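Undergrad: here is the input, now give the coordinates:
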Amino acid sequence: MGAGGRAHVVAGLFGIVAGLLVTIGAALPAVTVHASELALGVPAPSFPATFAARIAGIVCAALGLAVTVLGARVRPALSVAWSGLPLTVVAVLVPALAATAAPSGLDALVTLGAALPRFTLSLGAWLLISGAVLGVAAGIACLVAGNADRDAAPAMPGDDGGGPPAALRAAAAVAGVVAVVGLLLPAYSSPLGSAPWIGRDALPAVETWTQSGVAVALAVVAVLVPRSRPARAVALALGAALVATDYALLARGPAGATAASGSYCSVAGAVLFVLVAVVVPMVGRRPAQ
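TA: Prediction:
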């Protein structure tokens with residue numbers, strides 16, 4: 001096994017472990033109820049974003065396994081799809097941290113003028129954090145594996161002087177714009193307010209920064225797809241579709257929430273990226289003149 005093969009195995013293993021950690025973490029409680037509050041029957045809060053995190057984790061683990069077996073044919077998909085982990089994990093952790101910061105209302109718990117928190121982060125939250133960090137490591141490993149793969153790959157006809165067909169460039173651009181707009185808009189709206197989005201707060205929230213970072217990644221994918229070889233372009237487009245779907249799943253907000261414009265745009269962006277993946281083998285690259 002050459003350096004490129006080993007790099008793909010490492011990237012795949014990172015993807016598997018990251019996906020499994022997030023999947024398991026999303027299935028476990030993110031916070032633990034303080035003992036005194038538990039005695040009063042205070043329930044642990046639920047975080048609807050755990051559903052999206054669970055799906056993102058399963059997808060990342062599956063792609064990681066595929067990369068260890070199929071290597072470069074699947075690696076571009078993982079190099080995009082890993083970003084669904086921090087995107088969904090942050091949507092769980094921010095409200096979980098807010099819950100731990102909420103003090104107990106019981107005077108009996110007041111110590112030195114400060115109330116004890118009702119909730120503390122539990123194993124589920126720490127697994128989510130670990131999985132998101134390893135997801136970033138999987139992305140970096142995919143980048144390293146991609147560089148090794150490009151160095152070892154022979155030149156193909158059309159690599160020099162040829163370019164992507166205008167139709168493919170246009171299709172990728174439309175898919176990218178729609179998906180990016182979706183990530184910058186709220187995923188849900190509820191009687192308590194909308195999901196975090198770029199126009200909600202004067203000072204962007206952590207979720208908004210994460211969404212903006214993923215939006216930049218999808219914009220880069222939209223540029224790379226028409227410039228890549230067909231097999232890599234298909235994998236990139238499908239990876240982008242998976243990430244857009246992850247954001248659409250965040251429409252499962254608090255009680256009474258309904259899907260908002262960001263969710264609809266993300267679904268549309270995912271569909272468009274899938275269509276791009278279908279079109280790529282048909283149009284290929286324009287041959288050199």
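Undergrad: show me how the record splits this protein into domains.
TA: Domain assignment for the chain by automatic domain parsing gives 1-151, 163-289.
Undergrad: want to throw those domains into TSV with mean pLDDT and mean neighbour count?
TA: Quick note: C-beta positions are derived from backbone N, CA and C, even for glycine. Below are those laid out as TSV (pLDDT from 0 to 100; neighbours: other Cβ atoms under 10 Å):
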stretch	mean pLDDT	mean neighbour count
domain 1-151	83	20
domain 163-289	86	20
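Undergrad: helices of the chain, start to end?
TA: 3-27, 35-39, 49-70, 75-81, 84-101, 123-152, 166-184, 206-224, 230-249, 261-283 (DSSP state H).
Undergrad: centre of the chain to the fifth one, how far?
TA: On the basis of Cα atoms, centre = their mean, to the nearest Å, helix 84-101 is displaced by 13 Å from the centre of the chain it belongs to.
Undergrad: what do you get for the fourth one?
TA: Centroid separation for helix 75-81 versus its chain: 11 Å, with Cα atoms, centre = their mean.
Undergrad: tell me what that helix is packed against?
TA: helix 3-27, helix 49-70, helix 123-152, helix 206-224, helix 230-249 (3 or more Cβ pairs under 8 Å, 6 or more residues apart in numbering; DSSP states H and E).
Undergrad: ok now the fourth one, how far from the chain's centre?
TA: Spelled out, it's helix 206-224. 10 Å.
Undergrad: what does stretch 139-146 rub up against?
TA: 4, 7-8, 10-11, 14, 67, 72, 75-76, 78-79, 82-83 (Cβ atoms under 8 Å, 6 or more residues apart in numbering).
Undergrad: Ala268: what's it in contact with?
TA: By Cβ under 8 Å, 6+ apart, the contact set of Ala268 is 178, 182.
Undergrad: hmm, try it at 10 Å
TA: Listed by Cβ atoms under 10 Å, 6 or more residues apart in numbering, the contact set of Ala268 reads 174-175, 178-179, 181-182, 244, 248.
Undergrad: from the residues you listed, pick the one nearest Gly124.
TA: Taking Cβ to Cβ as the measure, Gly124 lies nearest Ala248 of the contacts of Ala268, at 23.0 Å.
Undergrad: what's the distance between the closest one and Val59?
TA: Using Cβ to Cβ, to the nearest Å, Ala248 is found at 13 Å from Val59.
Undergrad: same thing with Thr208?
TA: Thr208 is 23 Å from Val59, by Cβ to Cβ.
Undergrad: and Trp82, by the same measure?
TA: 10 Å.
Undergrad: who touches both of these two?
TA: 15, 19, 239, 243.
Undergrad: next up, the contacts around the nearest residue to the third one once chain neighbours are set aside.
TA: This means Gly239. Leaving out its chain neighbours, the residue that sits closest to Gly239 by Cβ to Cβ, 6 or more residues apart in numbering is Val80, at 3.2 Å. By Cβ under 10 Å, 6+ apart, the residues touching Val80 are 63, 139, 142, 214, 217-218, 220-221, 224, 235-243, 273.
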